[in-house]
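Participant: Everything below, folded, please.
(2 chains)
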Amino acid sequence: MKKYSVFAIAREAMRAHKGWEEQWSSPEPKKEYDVIIIGAGGHGLGTAYYLAKEHGITNVAVLEKGWLGGGNTGRNTTIIRSNYLYDESAGIYDHALKLWDGLSQDLNYNVMYSARGVMMLAHNIHDIQVFKRHIHANRLNGIDNEWLTPEQAKEFCPPLNISKDARYPVLGAALQRRGGTARHDAVAWGYARGASARGVDIIQNCEVTGIKRGPNGEVAGVETARGFIGAKKVGVVAAGHTSVLMNMAGVRMPLESYPLQALVSEPVKPIVPCVVMSNTVHAYISQSDKGELVIGAGTDQYTSYSQTGGLHILEHTLDAICEMFPMFTRMKMLRSWGGIVDVTPDRSPILAKTPVKGLYVNCGWGTGGFKATPGSANVFAHTIARDEPHPINAPFTLERFRTGRLIDEAAAAAVAH
Amino acid sequence: MLLIHCPYCEEERPELEFRNAGEAHIARPANIVAESDEDFEKFFFIRANTKGLVYERWRHVHGCARFFNAVRDSVSDKFIMTYKAGEPKPKKLPGAGK
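Facilitator: Okay, here's the model as predicted:
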């Protein structure tokens, strides 16, 4: 792997950019690997990267049904924050946030992490109480989160409407300054490049059609569109399709898959300097470096694998956006899309061993998995390499739905989906 | 937005009149106190989450307010049929076997 640097750019500029190499190779699958990861999104590619980098396990394949980063990694609204209520959640999301901070340098790939601040608006007395409780809980966990008055919120985000005449007036806000956004595609590409350089095989267009088990029930490999591939350890990191894949190994999951939509506007000059979220009116918005307003909508009410969603869901979100930012009423929306999110009953993820020996699962990130990408991948790699969870992901078991030790975050995406 | 046929009102109405109420044909245990943790987990948390034909409950909350069941393809979101609550899981689906 050639290092990217200002000198590399200068060198290539001198020779008509003919020296850039492919960022990752696309080899034929081998007959057997030490570890197979199913799903080449950010979490899956990151897992392979940390397996190679931190645990010295390089005989790894990442199998992807479609194209790399084409699932929820390429479909989310790129928001990063760690101001979760419970200790377990704070642990894993802040682990991720700390990794975001040095990720571009670590990967030698610009993931454009921008700590521009995530501001969550309070519109009623209940919001105020809940956010203040979050702020205090966060402080005890060493996570920055502060209370703003409506005037301070407007100072931080000038286009915000704090008029008392609004249908749901802004009564204050919680601000996490370390929160922000990152370039979602670059996260997948950066991890893919880093993993590939360390010997990981990334195999796209290779749908897994079965999980084979040996005589004692342990994992023996996977059946794929390109034939059988052997492996003693298989990690399922397949977001919305987790139930389908785990079913192949005979494991039934506490998951439901819903369409979640997002949309972007036409690009405009810089106007929204941070991320603004509102649970009560249900909308969240930020502005990409290209200038598009990136807007997140809600899930549909029914389970689906259709990667679309109802138009009324988008309409509802745009109503809320126009309420918060009246100046956007004349903006044109450019495109909208949907992704399939796997939601657990307690809205917290599952990163764990499974009842099947050699089978591991990283799922249930629901509507808010992007922010956790580096942390999730990091501890999941540890779980697979050592065959035991890292202390950070130890609470996020599959068994908690039997024992009752739920991590009842309930609204992990800060808006009630 | 989906168009949903309410088997009580006997007409197709927009999705906004309905609330989805999750997977159908999950029987509530007769004696929930005696349930083992494993069985309670299966009843309360584990879901089929099928990619393909799903059997689900809907409630016509802004209409007749009654619960009913539906068979829907979770890939195309197309409804195969709806039927009244309490009726058994249909053995034969309309259009099947073509």
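
Participant: mind listing the helices in chain A by residue range?
Facilitator: A:6-14, A:42-55, A:87-107, A:125-140, A:150-156, A:184-197, A:242-248, A:311-324, A:373-386, A:400-403 (DSSP state H).

Participant: hey, which of those is tucked in deepest?
Facilitator: Highest mean neighbour count among these (mean count of other CB atoms under 10 Å in any protein chain shown): helix A:42-55, with a mean of 27. C-beta coordinates here come from the backbone N, C-alpha and C atoms, glycine included.

Participant: Spatially central residue for the chain, please.
Facilitator: If you meant another chain, say so; for now it's chain A. Against the mean C-alpha coordinate of chain A, by CA atoms, centre = their mean, the closest residue is residue A:370 at 1.5 Å.

Participant: Can you look at chain B instead?
Facilitator: Note: chain B centre (CA atoms, centre = their mean) maps to residue B:56, 1.8 Å.

Participant: Isn't the residue nearest to the centre of chain A up against residue A:81?
Facilitator: No - assessed by CB atoms under 8 Å, residue A:370 is found out of contact with residue A:81, at 10.6 Å.

Participant: related to what we said a few turns ago, dump the residue contacts of the residue nearest to the centre of chain B.
Facilitator: A:302-303, B:20-24, B:69-70, B:72 (CB atoms under 8 Å, 6 or more residues apart in numbering or on different chains).

Participant: follow-up on the earlier one: let me have the helices of chain A in a markdown table, adding distance to residue B:90 and mean pLDDT as columns.
Facilitator: Shown next, in a markdown table, are these (distance: least, CB to CB, whole Å; pLDDT from 0 to 100):
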| stretch | distance to residue B:90 | mean pLDDT |
| --- | --- | --- |
| helix A:6-14 | 63 | 96 |
| helix A:42-55 | 38 | 98 |
| helix A:87-107 | 42 | 97 |
| helix A:125-140 | 44 | 95 |
| helix A:150-156 | 54 | 98 |
| helix A:184-197 | 42 | 98 |
| helix A:242-248 | 22 | 98 |
| helix A:311-324 | 29 | 94 |
| helix A:373-386 | 41 | 98 |
| helix A:400-403 | 30 | 96 |
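
Participant: okay if I get the ones you listed as JSON lines plus distance to residue A:230?
Facilitator: Listed next are the helices of chain A as JSON lines, based on distance: least, CB to CB, whole Å:
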{"stretch": "helix A:6-14", "distance to residue A:230": "38"}
{"stretch": "helix A:42-55", "distance to residue A:230": "17"}
{"stretch": "helix A:87-107", "distance to residue A:230": "30"}
{"stretch": "helix A:125-140", "distance to residue A:230": "45"}
{"stretch": "helix A:150-156", "distance to residue A:230": "54"}
{"stretch": "helix A:184-197", "distance to residue A:230": "20"}
{"stretch": "helix A:242-248", "distance to residue A:230": "16"}
{"stretch": "helix A:311-324", "distance to residue A:230": "43"}
{"stretch": "helix A:373-386", "distance to residue A:230": "16"}
{"stretch": "helix A:400-403", "distance to residue A:230": "31"}
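
Participant: Kindly reformat the ones you listed as JSON lines containing distance to chain B.
Facilitator: Below are the helices of chain A laid out as JSON lines (distance: least, CB to the nearest CB, whole Å):
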{"stretch": "helix A:6-14", "distance to chain B": "44"}
{"stretch": "helix A:42-55", "distance to chain B": "19"}
{"stretch": "helix A:87-107", "distance to chain B": "18"}
{"stretch": "helix A:125-140", "distance to chain B": "23"}
{"stretch": "helix A:150-156", "distance to chain B": "32"}
{"stretch": "helix A:184-197", "distance to chain B": "23"}
{"stretch": "helix A:242-248", "distance to chain B": "4"}
{"stretch": "helix A:311-324", "distance to chain B": "5"}
{"stretch": "helix A:373-386", "distance to chain B": "21"}
{"stretch": "helix A:400-403", "distance to chain B": "4"}
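
Participant: Any idea which of these gets closest to residue A:288?
Facilitator: Proximity to residue A:288 (CB to CB) singles out helix A:184-197 among the helices of chain A, at 10.0 Å.

Participant: could I have stretch A:43-63 exported to CSV, CA atoms only?
Facilitator: Extracted in CSV, the C-alpha atoms of stretch A:43-63 (Å, rounded to 0.1, in the frame of the first residue of the first chain):
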residue,chain,number,x,y,z
HIS,A,43,-18.5,-2.4,10.9
GLY,A,44,-17.5,-5.5,9.0
LEU,A,45,-14.5,-4.0,7.2
GLY,A,46,-13.4,-2.4,10.4
THR,A,47,-13.6,-5.7,12.2
ALA,A,48,-11.3,-7.2,9.5
TYR,A,49,-9.0,-4.3,9.8
TYR,A,50,-8.6,-4.6,13.6
LEU,A,51,-8.3,-8.4,13.4
ALA,A,52,-5.3,-7.9,11.2
LYS,A,53,-3.9,-4.8,12.9
GLU,A,54,-4.4,-5.6,16.6
HIS,A,55,-4.6,-9.3,16.7
GLY,A,56,-2.3,-10.5,13.9
ILE,A,57,-5.1,-12.5,12.2
THR,A,58,-4.7,-11.8,8.5
ASN,A,59,-6.1,-14.9,6.9
VAL,A,60,-9.5,-13.2,6.8
ALA,A,61,-12.2,-12.8,4.1
VAL,A,62,-15.0,-10.2,4.1
LEU,A,63,-17.9,-11.4,2.0
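
Participant: so how far is it off the chain centroid?
Facilitator: Stretch A:43-63 has its C-alpha centroid displaced from the chain centroid by 18 Å (CA atoms, centre = their mean, to the nearest Å).
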